[in-house]
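Visitor: predicted structure and sequence below. I'll ask about it afterward.
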Amino acid sequence: MSQDVYPHNWKQIATALKDACNWRCTKCGRLCLRAGEKAPHLTLAQRKAYTLQVHHWNRDPSDNRRENLVCLCSGCHLYYHRFGRGNVSPGQLPLF
């Protein structure tokens, strides 16, 4: 997906949302690494698994209304996209 569809302040939007959810995945509850947090005891693969991402329910990265955004760990985010789930009612988590 092209980065130019995200707003110029996307990093601030995403970080604020991650802070609001206390850096936990909304689906599985995994506590993820905060930006800049060092985790030398984790392998690269493990650090990637503990990365929190912001998902757009309607899959439109230009639609950054709060009700369209949710924090997911990389595993839940990938799982969601792998099965083409989209257009879920805002605020509702799909059952995996």
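Guide: Happy to help now that I have it.
Visitor: Three-state assignment for Leu52, please.
Guide: Here Leu52 is strand, with the state taken from DSSP: H, G, I helix; E, B strand; the rest coil.
Visitor: just give the nearest non-adjacent residue to it, would you?
Guide: Among residues not flanking Leu52 along the chain, Cys32 sits closest, at 3.8 Å (C-beta to C-beta, 6 or more residues apart in numbering). The C-beta positions use only the backbone N, C-alpha and C, and glycine is treated the same way.
Visitor: neighbours of that neighbour, how many?
Guide: The tally of other residues near Cys32 (other C-beta atoms under 10 Å) stands at 21.
Visitor: pop out the phi and psi values for it.
Guide: phi -100, psi 170 (degrees, to the nearest 10).
Visitor: can we start the residue count at 21 from this point?
Guide: In the new count, where the first residue is 21, that last one comes out as Cys52.
Visitor: residues in contact with Cys96?
Guide: 45, 47-48, 50, 116 (C-beta atoms under 8 Å, 6 or more residues apart in numbering).
Visitor: for these, name the two members farthest from one another.
Guide: Maximum pairwise distance in these, criterion C-beta to C-beta, is 13.6 Å, between Arg50 and Phe116.
Visitor: which one of these two has more residues nearby?
Guide: Arg50 (17 against 10).
Visitor: list the contacts of His76.
Guide: His76 neighbours (C-beta under 8 Å, 6+ apart): 83-84, 88-89.
Visitor: return the members of these classed as buried.
Guide: Among the contacts of His76, those classed as buried by 16 or more other C-beta atoms under 10 Å are 84, 88-89.
Visitor: mind putting those in TSV, pLDDT included?
Guide: Below are those laid out as TSV (pLDDT from 0 to 100):
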residue	pLDDT
Asn84	94
Asn88	95
Leu89	96
